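Enquirer: show me the folded form of this:
(one chain, ligands or ions: 1)
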Amino acid sequence: MESPWTRMAVSEDGRLWWDGSSWRELSQDGTLGSLGTAWRSLTEVIQEKYPEKQAERFPDPDPMLSPQEIRTLYNAGLDWVISKLPSRPNVDEDVGMKWLRDLATFRQHGLLWAVYGAEADTNGNYGILTLESGIYNGGLLVVAPPGHPLAKGPTLQVLPRSDLNMLQILPFAMTREWAGIALIHELEHLENFATGQEPRPPSRSQYLDGEVRAFSAEIAAFQLVTGSRFIPTVVGLYRLFSSAAGNPTEGLSQTQGGHMMQALALEADALLGCPPPQSSAEAATRLGFYFVAGSLVTAGVQASNPDIIEVRRKVIEVYYQPTGQLPSP
Ligand SMILES: [Zn+2]
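Expert: Numbering: from 1, shown residues only. From the prediction side, this is the model:
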């Protein structure tokens, strides 16, 4: 699918767009400025370009892999992300990079791949069988095989079990790149639980800190693999799309899941050169990441408060409030 912005580039700070012949500026308040008069309604363009729900582009049911294939895929994705880490920290390195470095170490100290057994005991609990030998002191990565009763819910999910520190992974096909990126986020949670940095159950404040660390590590990873193009690209797209939605600050959040969100994810994929998603589960993972991480970095660029951690905490609290998953304050 050809993107209306295929020939466009974005400046370092996300404020200028190259439309193929000249730089155009998005005005401070997020409206289209001169771009608005040059183009017809962006909303119309988006609806014309993306007439159908993205999910309809994928086979139903989603393509699935065996537990061993999932293990190979996610390990390869993680290796790929970690291989991009510069050997020495830069002086002005983003705080997420520090957490990413810690994760690379955590990963070496005992993660073990496993799979759910087919039979449940009388309490309805399924056994867990390891897929490799070894000991672990960090956490278990447990695959729910295709067709398994537990193979539902989010594609990756750290389960709040007190007896096991485990990440559950559903067997949907993914690209290696996004398997690696998505795994970084959840491994950060797993590490925080393993080290006690985030206790169980967490207070609201500890929970928000944990989400900030997970998203910051994931954002740092995506910055690395895109050659630092993620933040300016998504900040620019946010400005463009928010103003197209008619409300510069709330336009995007009100259209989550709608055409605009899907168009945002597709445009970001196109501008960043991401390979096509392998399943609707992967497309949903990307959309969620672009939406939340995009909001976090956009808020960071726009905020007058220089404390980036505090800005990210606030955004996550506002977004998670309606979902009911925040611990009470
Ligand atoms: Zn999280």
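Enquirer: element containing the closest residue to residue 265 other than its chain neighbours?
Expert: Spatial nearest neighbour of residue 265, chain neighbours left out: residue 287 (4.4 Å); criterion: Cβ to Cβ, 6 or more residues apart in numbering. Any C-beta I mention is one placed from the backbone N, CA and C, and that applies to glycine too. Element membership for residue 287, per DSSP states H and E: helix 280-302.
Enquirer: how about residue 187?
Expert: Going by DSSP H and E, residue 187 is in helix 176-195.
Enquirer: CA atoms of that helix as CSV?
Expert: The C-alpha coordinates for helix 176-195 follow below in CSV (Å, rounded to 0.1, in the frame of the first residue of the first chain):
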residue,chain,number,x,y,z
ARG,A,176,11.7,-11.2,14.5
GLU,A,177,12.1,-7.4,14.8
TRP,A,178,8.8,-6.9,16.7
ALA,A,179,9.2,-10.1,18.8
GLY,A,180,12.4,-8.6,20.1
ILE,A,181,10.9,-5.1,20.8
ALA,A,182,7.8,-6.5,22.5
LEU,A,183,9.9,-8.9,24.6
ILE,A,184,12.1,-6.1,25.9
HIS,A,185,9.0,-4.5,27.5
GLU,A,186,7.9,-7.6,29.3
LEU,A,187,11.4,-8.7,30.3
GLU,A,188,11.8,-5.3,32.1
HIS,A,189,8.7,-6.2,34.2
LEU,A,190,10.0,-9.7,34.8
GLU,A,191,13.4,-8.3,35.9
ASN,A,192,11.7,-5.8,38.2
PHE,A,193,9.7,-8.6,39.9
ALA,A,194,12.8,-10.9,40.0
THR,A,195,14.9,-8.3,41.8
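Enquirer: what does the helix or strand following the helix holding residue 287 rub up against?
Expert: Heading C-terminal from helix 280-302, the first helix or strand you meet, by DSSP H and E, is helix 308-320. Here helix 308-320 makes contact (Cβ atoms under 8 Å, 6 or more residues apart in numbering) with 95, 204, 208-209, 211-212, 215-216, 253, 292, 295-296, 299-300, 303, 305, 326.
Enquirer: can we see that at 7 Å?
Expert: 95, 208, 211-212, 215-216, 292, 295-296, 299-300, 303, 305, 326 (Cβ atoms under 7 Å, 6 or more residues apart in numbering).
Enquirer: list the contacts of the nearest residue to residue 178 once chain neighbours are set aside.
Expert: In space, and not counting its chain neighbours, residue 178 is closest to residue 282: 5.7 Å by Cβ to Cβ, 6+ apart. By Cβ under 7 Å, 6+ apart, residue 282 lies in contact with 172, 174, 175, 178.
Enquirer: among those residues, who's most crowded?
Expert: residue 174 (28 neighbours; other Cβ atoms under 10 Å).
Enquirer: for it, which residues are in contact?
Expert: 73, 278, 279, 282.
Enquirer: give me the phi and psi for it.
Expert: Main-chain dihedrals, residue 174, degrees, to the nearest 10: phi -140, psi 160.
Enquirer: just residue 328 next, same as before
Expert: According to degrees, to the nearest 10, residue 328 has phi -70, psi 150.
Enquirer: what sits against it?
Expert: With Cβ under 7 Å, 6+ apart, residue 328 has these contacts: residue 204.
Enquirer: at 10 Å instead, please
Expert: Neighbour list for residue 328: 203, 204 [criterion: Cβ atoms under 10 Å, 6 or more residues apart in numbering].
Enquirer: got the CA positions of stretch 205-216 in CSV?
Expert: Extracted in CSV, the C-alpha atoms of stretch 205-216 (Å, rounded to 0.1, in the frame of the first residue of the first chain):
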residue,chain,number,x,y,z
SER,A,205,3.3,4.5,42.5
GLN,A,206,5.4,1.3,42.2
TYR,A,207,3.2,0.1,39.4
LEU,A,208,3.6,3.4,37.5
ASP,A,209,7.4,3.3,38.0
GLY,A,210,7.4,-0.2,36.6
GLU,A,211,5.5,0.8,33.5
VAL,A,212,7.7,3.8,32.9
ARG,A,213,10.8,1.5,33.1
ALA,A,214,9.2,-1.0,30.7
PHE,A,215,8.2,1.6,28.1
SER,A,216,11.4,3.5,28.5
